[in-house]
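Colleague: With the sequence up front, the predicted model follows.
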Amino acid sequence: MRLVLLGPPGAGKGTQASRIANRFGIQQLSTGDMLREAAAAGTPLGLRTKHIMDRGELVPDEVVIAVVADRIDHADAANGFVLDGFPRTVPQAEALDRELAARGIALDAVLELEINEDVLLVRIRGRAEEAANQGQSVRRDDNPEVFKTRLKAYRAQTAPLTEYYRSQGLLKIVDGLQPIDIVTEELTTALGTSCCG
Ligand code: AMP
C-alpha cells in the first residue's frame with residue numbers, strides 16, 4: 001500500500017503515519033525526519049537545508065524530490081510506504097506522480113487530517129512543553145514564531161494539494177481533532193480495511 005498523509009503542521013501527521021505504517025507493515029517516510037537527520041549528521045544536504053527548516057520555510061522542491069525519489073527505491077519501501085510531510089507543493093505532487101509512474105506504481109490513497117487552525121498553536125506549545133518535560137530535545141521549529149511561518153507555508157503551498165488529490169479521486173479526510181486512537185481507527189476505516197492489531 002502506498003499512501004500520502006496530509007495535514008497542517010501540528011496536526012499529528014508523524015504520530016498517525018507511524019501507527020498506520022505499523023498496522024499495515026509499510027514504511028513511514030518522513031521528509032522532515034530525513035532532513036533533521038541530515039542536519040544533525042552535518043551532511044551536505046543537512047548543511048544546505050538546516051537554516052531553511054529553522055526559519056519554518058519549505059526547502060526547495062528539487063532537493064526534497066531527489067531525497068524522496070532515492071528513498072522509495074530502498075528495499076524497506078518495496079512493500080509500501082506512507083509519506084509523511086511530502087508532497088508539500090503541487091510541483092512535488094506532480095513529481096511524485098512521475099516518479100511512481102516511472103516505477104510502474106501509484107498511490108492507493110491520500111489521507112488528510114483536518115484541523116481547525118486555532119487549535120494548532122495550542123498544540124504546538126503543548127508538543128514543545130511535553131518534549132521538554134520528558135527531557136527530550138525540542139524541535140527548533142516548534143516555537144510560536146516559527147510555527148506561524150510554517151502555517152503560512154502550509155496555507156499558501158500545501159493546502160492546494162487537497163484539490164489536487166480530490167480531483168484524482170484519492171482523497172480521504174478525517175477529523176484530526178479527535179483523540180489519537182479514534183483518528184487512527186478512522187484513517188484505517190477510510191482505507192477500506194478492518195485492520196490488524
Ligand atoms: P515536518 O517535520 O514535516 O514538519 O518538516 C519540518 C521542516 O522540514 C519543514 O518546515 C520544512 O522546512 C522541511 N520539509 C519537510 N518536508 C518538506 C517538503 N516536502 N518540502 C519542503 N520542505 C520540507
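Modeller: On my side now, so go ahead.
Colleague: what separates the longest helix seen in the chain from the chain centre, distance-wise?
Modeller: In terms of residue count, the longest helix belonging to the chain (DSSP state H) is helix 117-133. Centroid separation between helix 117-133 and its chain, computed with C-alpha atoms, centre = their mean, to the nearest Å, is 17 Å.
Colleague: Kindly report the same for stretch 45-62.
Modeller: 15 Å.
Colleague: quick check, that stretch touching the ligand?
Modeller: Yes - against the ligand, stretch 45-62 shows contacts by C-beta under 6 Å from any ligand atom at Ile52, Met53, Gly56, Glu57, Leu58, Val59. For every residue, glycine as well, the C-beta is placed using N, CA and C.
Colleague: which stretch of helix or strand covers the first one?
Modeller: This means Ile52. helix 44-55 (DSSP states H and E).
Colleague: what's the angle from the helix or strand immediately after that helix in the chain to helix 44-55?
Modeller: Counting by DSSP H and E, the next helix or strand C-terminal to helix 44-55 is helix 61-71. Using axes from the mean of the first three to the mean of the last three C-alpha atoms, to 10 degrees, the inter-axis angle of helix 61-71 relative to helix 44-55 is 130 degrees.
Colleague: Take the residues of stretch 45-62 next to the ligand and lay them out in TSV including pLDDT, distance to Asp33 and neighbour count.
Modeller: Formatted as TSV, the residues of stretch 45-62 next to the ligand follow (pLDDT from 0 to 100; distance: C-beta to C-beta, whole Å; neighbours: other C-beta atoms under 10 Å):
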residue	pLDDT	distance to Asp33	neighbour count
Ile52	97	16	14
Met53	96	11	21
Gly56	95	16	21
Glu57	96	18	17
Leu58	97	16	21
Val59	98	13	19
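Colleague: circling back to that earlier point, does at least one residue of the longest helix of the chain sit close to the ligand?
Modeller: No - between helix 117-133 and the ligand, judged by C-beta under 6 Å from any ligand atom, nothing touches; the nearest distance is 10.3 Å.
Colleague: Give the burial count for the closest residue to the ligand within the chain, as a bare number.
Modeller: Closest to the ligand within the chain is Gly32: 2.0 Å, counting by C-beta to the nearest ligand atom. Residues within reach of Gly32, counting by other C-beta atoms under 10 Å, total 19.
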